[in-house]
Structure formats: C-alpha cells, structure tokens
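A.B. asks: okay, sequence plus prediction incoming.
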Amino acid sequence: MSPNTREVLAVSGLSPEAAKLSRIWEWFVVAAVALLFMGAIHLHVMLSVGDWDMFVDWKDRQFWVLVTPVSMIMIPAALQGVFWHYFRLPIGATLGALLLIIAVWISRLVGWHLWGYFPFSMSIPATMLAGAMALDAILLIVRNPLLTATFGGFVFALLFYPSNWASLAPYFLAVEHQGMVASVADLIGYTFPRAGTPEYIRVIERGTLRTFEGTSVWVSTAFAGFLCIFMHMIWWRIGMAFSTQRFVPNGKRMRQMMGLN
Amino acid sequence: MRKWLSAGMAVIECFVGITLLGASATALAHGERAQEPYLRTRTTHWYDVTWSTDKVAVNEAITVTAKFRLFGDWPQAVDLPETVFVSNATPGPVFIRVESFLNGVPARQSFRDLEIGRDYEYKMVMKGRIPGRYHVHPMIAIKGSGPLVGPGKWVEITGSAADFSFPVTAISGEKIDNLETWGVADAIQWHIIWAVIAVLWVLWWIRRPLLIPRYLVLKKDREDLLTTNTDLIMGIVLLAVCMVLAFWSYFHVNAKYPRTVPLQAGMMYTPPLPLQQSPVNVRVTQAQYDVPGRSMRVAMDITNTSDKTLRIGEFATASIRFVNNNLPAALANIHPDFPRDLLARNGLQLSDDAPLAPGETRQIRFDATDAAWEIERLTSFLTDVDSKFGGLLFLFDQSGGRHIAEIGGPIIPVFRANQLALAQ
C-alpha cells in the first residue's frame, strides 16, 4: 500500500475492516456500472450515430466526422462530471469510450458477423478512445469543468479523424469497378448486399465543399470541435442532475400516514 | 398450496415458451408478401425474369436478368422513382454482388429520374457465398418508398463458406486478397493499442481506494490527497501520448497509402428502353375481387389500335402470371425455369378468346382465379386506402410477336358467389 493510499484511508476515517469491505463493494459497483453504461452508451451511439458508425461505406469526410464526435462526447461528458465531482476521478470519458468499443465489437461479432454473415471489413467501428483519454487528461490538468469543455471538447473532436484514419485508410484505396472509380469501402458496401440499405440512403458528402487541400475533413473537424465544447457543458450538467439526490420534505399529513409522528 | 401454485406457474411458462418458439418460424423468403397490394400491383411490373441457374457453388456466378415496367397509374402514396437503386432481394449477403446494370449502364450507384410508364432492363450478376437454399428476387428500391421486389426463385448454394474469397486490385497496385478480411487485422490492432492505453489509465486509478474513501476525503476538503503530482505527470504524459500517437498514426498511414479517394456519391442516369406503343386501348368497365373464390374478374372494352390481329395471352400482376393456356405463343413465352408457384394453374379465363382484328373494339371479361391471391396476401385489397388494381396484359399477334399493354382501375371486393359471370 502506498503512502498516499494510507493517508487517504486515514483521512477518510474508515477502519481497516471497513476499508476492506468498501473495496469489495467497489468491485460489485464497478461490474454493475460497467454493464449498465456499456448498454446505455452503446444504445445511445447506435441511435444517434447509427449507420455512420456501423458501416465502412458511410464514413465520409463530412457527416461522419461531424456527427460522431458530437454524439459520442455526450455520455462520456456526463460520466466525467459524475466521477470528477464526487470522487475526483478523471476516468469518466475513458471509461465511456472503452465500454463503448467493447460493446460495439461484441455486437459486430455476434450480431453482424456470426448471425448476419456480414464481413468485419464492412462494419469496422470508429473509436473515441484517443479523444476521451485526452479529455480526461485535460480535466486532471486544468481541474475545471469550463476549461475542460473548452479545450478538452475541442481536442476530443480534433483527435477523432486522425486516430481512426489509421484503421480506415485501407478502405479508401481506389479501385475500378464496372469502368468507374470506387473506394474499397464503396465496393464492400456494394458487394455484400444489405437489402434494406440502398445506396442512396447514405447521408454522406455529395457536394463540393472544397477547402484546404481539397478535403472537407478539417472543416468538419473544426465545426465538430466547436459543437463538442457546448455538448460537453450540457452533458456535464446532465450528469450532475442525474446524480444528485433530493429529498421532498414530508408534510404533517404524510408523516401521520406513514406513522412517523 | 404454494408448491402447487409454483408448479402451475412453471407449466404455464413452459407452455407459453413452447408456443412462442413454435410460432417463430425462420424467415428466409417472401417478405414481399408483407407489402400492400396497391404497391405490388401498380408500381413495378417485372417480366422476362430469368435466373441462369438454380444451383451454384460458393464463388460461382448466377445471373438474374429481367425487364420491368413502371406502371403508368402510379399510386399517389408511393414516391416517384426520382432516385432508384438497383438491388437484389436475398437474405443478407449470402450472395455477393459482382456487377449490376440498368439498361446496360453500371448500377453500383443510384439512378436518378426514372420515367413512369416506361420499361427498363435489369441485370445482376451474383456469386454464392454462404451455403444454403435461398429465395432470390430482382429488386429496385425507390427513395421515399422502399423496395419493389420481383418474382423469386429458390437457389441453392453448395460448398463451404470458408472457401469464399473476393480478390481485388487497387488502381494504385495494392493487392487485396479478400474483400471480406481486408484491413480488419490493422483496424483491430489499432483498437487494441488504444484500448490497452485506456485500460492502463483506468487501472492507474482504480488500483487505489476508489469510491467511498475518496468521497469521504473530498467531503473533508482534502482533495489534495486525491490527485498527486505523480498523477498530474501521468495525465500530461497521457495527453502527449494521445496527441502524438493519433497524428503519428495518421501521417504514417498516409505515407503507406498516399492515394486514397473519398466515398463516391454521384448518381447515374439512363434513358428508358425504346417506347413500346401499346397496341390496344383498354378501358376497364368493371373489376371485382371475389374474396371467397380467390378470383379477380375484370370486364374491359378493348380496342385494337395496331395493324395486327391480336389475342390476349397473359395477365400479370404482383409477380403472378395468368396465362391463356389456349394460346401457344403465350405458353412459349414462359421460360422453362420460371417458378411454377407463380404461374396460376387455372390460367387466364377469357369470355372471348377470338382474335381481335385491327380497329376492332370488343367487350371482354377475364377471370384470374388462383389461391396465389391469398398466398401472396394480395387479398388485403380490402384494407388498402387506394382500392385500385394494376397489371400488364401481354398480347400476341399471328406471327407470335408480343405486345404489352397496361390495365388497371378501381376494384371492388365481393363476398358472394360470382357476380360478374363470364359470358357463356
């Protein structure tokens, strides 16, 4: 046990036995929280980001880069608020992103690959781990929710595209198919049919948003960063609101009814 | 008493469970039967549908060709075919698409501005991937309305799924051994790298007293104990690692794959097939659907506006074909491998099968009776908000030439025996 740990236990006032029981209880809480938030954040991302995260041929330079960070910062920001406010633990965002990626890969394996026969190459998910860890680190350094939202929120979006490009670049090689150019991602989406997902349903870059180096990625990233600042502020407060216990005072009649007089 | 109640509950639960299990049959085909009749009878009419084979091995090809007419009396409830995707209706990626065409134009992208009342030619080449027996239909999907499915045929895929491969070569020369597995190992590797760093960061904190001790210490205003200088240094290191690793990986992979393209989002266009003038004018004077008799009966005034003598050979709607069995040309129009369950056994019964001379107008009634109306769930004409029917009439001239006309109009359900009797 480190000196710091001994001092923490001493200041907390817990007896050695109580500290031991508390530790055991914490593992139950960790397990329960992990499962609960794994489900919650997975559901949230599937409903909000949805197909952009699900399919490789939805990962464009405009909407995917914009929608994913803005949606994926929500629950991590709320968890950050809760963990920091009550425990000074800068692990909320990392935990959220970690639980998400575990849940997502489980669903890709079991639901999409084993049950639906879709190849993994079609459903490579994005990860927010880089941005989430940076967000937690910034919180630890600045120790202030407003500054965390301002700098951390922006960095959260900034790291999204570069950290995922390493996984996804192979899917944007050019191939020739039926005399036309396609990316490997387009070809995968075409080759392995999704009966209920025609090509036109993709909400992807279809315009001429020409900017730096002919790509719209960094414009979308900057805008996503801007939105993430506010998303972080809002969801930190949502996390606080959902973790605050309030008591409604009992009136005289209620007390009589409950036999508390 | 309690024991008996528990046992009783257990029995009930078993019963419910078995019932539910039994009721949930595996869904492998015929999803198109869930669509409304007006959708199936007044939008796309598929004809000349052929399947090159009904048995393929994994990696072997099957070609589906067809033509379809976009019905002139297009339902108001269905969006116009301004954006259309050429597809196939199979249970997921058990087949892969190799190439597809609409009027000979490559159909990987969606098409714009298809025209009502015109014909298009469909071609889809697929390969077997997952062994099994599947229903294979041609299909187009219309933006705002969804899939419009053609007739289906059972096709068997033999062999082993493990033998499947789909190699591709990129324009810049990279060889992709199998599209199924391309890039997956790299993606998983990077996710593991990030996950390991994340797990280490979380473990750094949860190895210490976690919840109650930290909460109590915070309450006592001793948060200085909760985050030490070492923690701060670890945080700075973590931030630096995340920034450096993210951008290093970005530049590294850009150097490995310098030539990439964005997702392709353009749309294709093709003019329809040359206009086939209808050789007849058809005016439906009365149409009934006999519910208990499973029969559609139509009375029409038909005028031969062509210069050829014509006979009615077939009425086709919602992929069901009612063929005039007395007309050899009509029988010859049935491909030998066309699914028999979509050919009405009774065929098409006509009140007057005599040839229609050029310029002649005649009132003809036809009777299309088959259990297929119920099997295909087309009897829900009754619950449609738009009680009209549609279909194609195939007429044949004396030299066996085929001509196509559209027929449609309001239809009324009847629940008693034959009210629109065929003329004797």
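C.D. replies: That came through fine.
A.B. asks: show me the helices in chain A, by range?
C.D. replies: A:3-12, A:16-48, A:51-54, A:63-72, A:74-87, A:92-107, A:129-142, A:145-147, A:153-158, A:160-168, A:184-191, A:217-242, A:252-257 (DSSP state H).
A.B. asks: in JSON lines, list these along with distance to chain B and mean neighbour count.
C.D. replies: For every residue, glycine as well, the C-beta is placed using N, CA and C. Formatted as JSON lines, those follow (distance: least, Cβ to the nearest Cβ, whole Å; neighbours: other Cβ atoms under 10 Å in any protein chain shown):
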{"stretch": "helix A:3-12", "distance to chain B": "4", "mean neighbour count": "16"}
{"stretch": "helix A:16-48", "distance to chain B": "4", "mean neighbour count": "14"}
{"stretch": "helix A:51-54", "distance to chain B": "11", "mean neighbour count": "22"}
{"stretch": "helix A:63-72", "distance to chain B": "9", "mean neighbour count": "24"}
{"stretch": "helix A:74-87", "distance to chain B": "4", "mean neighbour count": "24"}
{"stretch": "helix A:92-107", "distance to chain B": "5", "mean neighbour count": "24"}
{"stretch": "helix A:129-142", "distance to chain B": "4", "mean neighbour count": "28"}
{"stretch": "helix A:145-147", "distance to chain B": "13", "mean neighbour count": "15"}
{"stretch": "helix A:153-158", "distance to chain B": "8", "mean neighbour count": "26"}
{"stretch": "helix A:160-168", "distance to chain B": "4", "mean neighbour count": "25"}
{"stretch": "helix A:184-191", "distance to chain B": "5", "mean neighbour count": "26"}
{"stretch": "helix A:217-242", "distance to chain B": "9", "mean neighbour count": "19"}
{"stretch": "helix A:252-257", "distance to chain B": "29", "mean neighbour count": "10"}
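A.B. asks: dump these into JSON lines; add mean pLDDT as well.
C.D. replies: Below are the helices of chain A laid out as JSON lines (pLDDT from 0 to 100):
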{"stretch": "helix A:3-12", "mean pLDDT": "89"}
{"stretch": "helix A:16-48", "mean pLDDT": "92"}
{"stretch": "helix A:51-54", "mean pLDDT": "95"}
{"stretch": "helix A:63-72", "mean pLDDT": "96"}
{"stretch": "helix A:74-87", "mean pLDDT": "96"}
{"stretch": "helix A:92-107", "mean pLDDT": "96"}
{"stretch": "helix A:129-142", "mean pLDDT": "98"}
{"stretch": "helix A:145-147", "mean pLDDT": "97"}
{"stretch": "helix A:153-158", "mean pLDDT": "98"}
{"stretch": "helix A:160-168", "mean pLDDT": "97"}
{"stretch": "helix A:184-191", "mean pLDDT": "97"}
{"stretch": "helix A:217-242", "mean pLDDT": "96"}
{"stretch": "helix A:252-257", "mean pLDDT": "85"}
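A.B. asks: where does chain B have low pLDDT?
C.D. replies: Applying pLDDT under 70 to chain B flags residues B:1-31, B:380-382, B:417-424.
A.B. asks: what sits up against stretch A:31-46?
C.D. replies: Outside of stretch A:31-46, the residues that reach it under the criterion Cβ atoms under 8 Å, 6 or more residues apart in numbering or on different chains are A:53-54, A:71-72, A:74-76, A:79, A:95-96, A:99-100, A:102-104, A:107.
A.B. asks: in stretch B:94-110, what counts as buried?
C.D. replies: Neighbour counts over stretch B:94-110 (16 or more other Cβ atoms under 10 Å in any protein chain shown) mark B:94-103, B:105-110 as buried.
A.B. asks: nope, stretch B:305-318 is what I meant
C.D. replies: For stretch B:305-318, by 16+ other Cβ under 10 Å, it's B:305-306, B:308-318.
A.B. asks: over to stretch B:378-394?
C.D. replies: Applying 16+ other Cβ under 10 Å to stretch B:378-394 flags B:Leu378, B:Thr379, B:Phe381, B:Asp384, B:Ser387, B:Lys388, B:Phe389, B:Gly390, B:Gly391, B:Leu392, B:Leu393, B:Phe394 as buried.
A.B. asks: chain B: helices as residue ranges?
C.D. replies: Using DSSP H, helices in chain B cover B:2-23, B:37-41, B:184-206, B:212-219, B:229-256, B:328-332, B:372-375.
A.B. asks: the last one: which residues count as buried?
C.D. replies: Yep, that's helix B:372-375 we're talking about. B:Ala372, B:Trp373.
A.B. asks: and it, how far out from the chain middle?
C.D. replies: 20 Å (Cα atoms, centre = their mean, to the nearest Å).
A.B. asks: same question, the longest one
C.D. replies: Centroid displacement of helix B:229-256 relative to its chain, using Cα atoms, centre = their mean, is 46 Å.
A.B. asks: helices or strands next to that helix in the packing?
C.D. replies: Applying 3 or more Cβ pairs under 8 Å, 6 or more residues apart in numbering or on different chains; DSSP states H and E, one finds that helix B:229-256 contacts helix A:129-142, helix A:160-168, helix B:184-206.
A.B. asks: and the two most separated of the buried residues of stretch B:94-110?
C.D. replies: Between any two of the buried residues of stretch B:94-110, the greatest separation by Cβ to Cβ is 27.2 Å, found for B:Val94 and B:Asn103.
A.B. asks: read off the pLDDT value for A:Ser216.
C.D. replies: pLDDT for A:Ser216: 84.
A.B. asks: run a quick neighbour tally on it.
C.D. replies: By other Cβ atoms under 10 Å in any protein chain shown, the residues close to A:Ser216 number 23.
A.B. asks: that one and B:Arg133, how far apart?
C.D. replies: 46 Å (Cβ to Cβ, to the nearest Å).
A.B. asks: next one: A:Val56
C.D. replies: 29 Å.
A.B. asks: these two: who's more crowded?
C.D. replies: A:Val56 (26 against 14).
A.B. asks: need the contact list for the more buried one.
C.D. replies: Taking Cβ under 8 Å, 6+ apart as the test, what A:Val56 contacts is A:Ser121, A:Met122, A:Ser123, A:Ile124, A:Leu168, A:Tyr171, A:Ala185, A:Ile188, A:Gly189.
A.B. asks: repeat that for 10 Å
C.D. replies: By Cβ atoms under 10 Å, 6 or more residues apart in numbering or on different chains, the contact set of A:Val56 is A:119-125, A:167-168, A:170-172, A:183-186, A:188-189, B:183, B:187, B:263.
A.B. asks: give me the nearest residue to it, chain neighbours excluded.
C.D. replies: A:Ala185 (4.5 Å; Cβ to Cβ, 6 or more residues apart in numbering or on different chains).
A.B. asks: next: B:Ala170.
C.D. replies: With Cβ to Cβ, 6+ apart, the residue lying closest to B:Ala170 is A:Leu173, at 4.1 Å.
A.B. asks: likewise for A:Gly189?
C.D. replies: Nearest non-adjacent residue to A:Gly189 (Cβ to Cβ, 6+ apart): A:Asp57, at 3.1 Å.
A.B. asks: test my guess that the one you found contacts A:Asp51.
C.D. replies: Yes - between A:Asp57 and A:Asp51 a contact is recorded at 9.4 Å, counting by Cβ atoms under 10 Å.
A.B. asks: overlap in contacts, those two.
C.D. replies: The contact lists of A:Asp57 and A:Asp51 share A:Arg194, A:Thr197, A:Arg202, A:Ile204, where a contact means Cβ under 10 Å, 6+ apart.
A.B. asks: how close does the last one get to A:Leu66?
C.D. replies: A:Ile204 is 11 Å from A:Leu66, where distance means Cβ to Cβ.
A.B. asks: in the stretch 301-424 of chain B, which residue sits nearest chain A?
C.D. replies: B:Ser319 (16.7 Å; Cβ to the nearest Cβ).
A.B. asks: just give me the neighbour total for the nearest residue to that residue once chain neighbours are set aside.
C.D. replies: Excluding its sequence neighbours, the residue lying closest to B:Ser319 (Cβ to Cβ, 6+ apart) is B:Pro151, at 3.9 Å. Other residues lying near B:Pro151 total 23 when counted by other Cβ under 10 Å.
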